[in-house]
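**Q** Sharing a model that was predicted from the sequence below.
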Amino acid sequence: MGSMRPGLYADDSITRRINRENVLLLGGGRALLMQLAHPKVAAGVDDHSDFRRRPMYRLRRTIRLTMAIIFGDRETALAAARAVNHAHGHVRGADYRALDPELLQWVHATLVDSALVTYETFVMALSAGEREDFFQESKLLGEMLGIPKDRFPESIQGFDDYVATMISDGPIRVEALALELGRLVTRPRLRLLPGPVMIPFEIVTAGLLPPALREQYRLAWDSRQERLFRLMVIAIPRLIAVTPPVLRVWPLPGHNVSLAPSLTLTS
């Protein structure tokens, strides 16, 4: 196997280590629901995509392009970033535009936060230093997608505060449109890991969401759901531990990256 051509991220970077775990797909619903909870993001998604017909296409495309930027060689990464920025250039409405730095920052934050939460829930805990490094490295991706450098919090602590404040005191609130679109997110058909392993995606998504958003989306969450979620938190890491790398991680070290993840999230 030849070595991968140099990309924007080193192969031993925390960004690649976390993002190559396919189990991060389980956090995709969380990220999408957090994005839709911004009324302007929800409006843009509804007005400019076929989200109602293919609710998971946006997530698949986001994952595919993010993986190209993270794992691709330099040319692949830059081409993927250009594709995202070009698509965003056409998305505008009466009171929103996709290239608004506030909206770009929130969407980026949902991906960073969901990656950390999902990895720590289903793979392993991260040290404070690893969390800090992951956040600092995420700024490169964010800048490539049009977020001005000065908008990023300085530290992971500032980032955590930003996410919490956006939910508690900021514009993040689940309005009627988000509620309607959110119902399309929580019950996709999901294939994950070998064999006929079916993950109850709605429970995983509800369990990973910040409690305030879980309530606003009116996701069922009682002792039964909580117990099921806790069982998955125990079972999924054990399943991952015995899963061969060819199924578990993407892409395999030493292989040139393509623009498609090896696992599929189908709507």
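**A** Okay, I see it.
**Q** Helix, strand, or coil at Glu130?
**A** State at Glu130, reduced to three classes by DSSP: H, G, I helix; E, B strand; the rest coil: helix.
**Q** what sits against it?
**A** Ile14 (Cβ atoms under 8 Å, 6 or more residues apart in numbering). For the C-beta atoms, the positions are set from N, CA and C on the backbone; glycine is no exception.
**Q** What's the separation between it and Gln105?
**A** Glu130 sits at a distance of 22 Å from Gln105 (criterion: Cβ to Cβ, to the nearest Å).
**Q** can you list the weak-confidence ranges in the stretch 101-250 of the chain?
**A** The model of the stretch 101-250 of the chain has pLDDT under 70 over residues 187-199, 250.
**Q** Okay, helices next: where are they in the chain?
**A** All helices of the chain, identified by DSSP state H, fall at 14-19, 28-36, 39-48, 57-71, 74-89, 101-122, 128-144, 156-168, 176-185, 201-208, 211-216, 223-241, 245-248.
**Q** Tell me who's in contact with Val41.
**A** If a contact means Cβ under 8 Å, 6+ apart, then Val41 has Gln35, Tyr96, Leu103, Trp106, Val107 as its contacts.
**Q** Quick check: of these, which has the highest neighbour count?
**A** Neighbour counts for the contacts of Val41, by other Cβ atoms under 10 Å, peak at Gln35, which reaches 27 neighbours.
**Q** mind listing what that residue touches?
**A** Gln35 neighbours (Cβ under 8 Å, 6+ apart): Val41, Ala42, Val45, Trp106, Val107, Thr110.
**Q** and if you look at Ala31?
**A** Ala31 neighbours (Cβ under 8 Å, 6+ apart): Leu59, Thr110, Leu111, Asp113, Ser114.
**Q** now for the residues you listed, which pair is the farthest apart?
**A** Farthest pair in the contacts of Ala31 (Cβ to Cβ) is Leu59 and Asp113. Separation: 15.2 Å.
**Q** between the contacts of Ala31, which is nearest Glu137?
**A** Nearest to Glu137 among the contacts of Ala31 is Leu111, at 12.8 Å by Cβ to Cβ.
**Q** With the flanking residues excluded, which residue is spatially nearest to the spatially most central residue of the chain?
**A** For the chain, Leu111 is the residue whose C-alpha lies nearest the centre (Cα atoms, centre = their mean; 3.7 Å). Spatial nearest neighbour of Leu111, excluding adjacent residues (Cβ to Cβ, 6 or more residues apart in numbering): Ala31 at 5.5 Å.
**Q** Need the pLDDT of that neighbour.
**A** Note on Ala31: pLDDT of 95.
**Q** For it, give its distance to Ser127.
**A** For Ala31, the distance to Ser127 (Cβ to Cβ) stands at 23 Å.
**Q** What of Arg218?
**A** For Arg218, the distance to Ser127 - Cβ to Cβ - is 36 Å.
**Q** who has more neighbours, those two?
**A** Arg218 (11 against 8).
**Q** Was I right to think the more buried one contacts Glu180?
**A** No: counting by Cβ atoms under 8 Å, Arg218 sits too far from Glu180 to count as a contact (11.5 Å).
**Q** now the end-to-end length of stretch 85-94.
**A** Using Cα to Cα, to the nearest Å, one end of stretch 85-94 lies 20 Å from the other.
**Q** cool, and stretch 48-68?
**A** Where stretch 48-68 begins and where it ends lie 23 Å apart, using Cα to Cα.
**Q** got the buried residues for that stretch?
**A** 49, 51, 54-56, 58-60, 62-63, 65-68 (16 or more other Cβ atoms under 10 Å).
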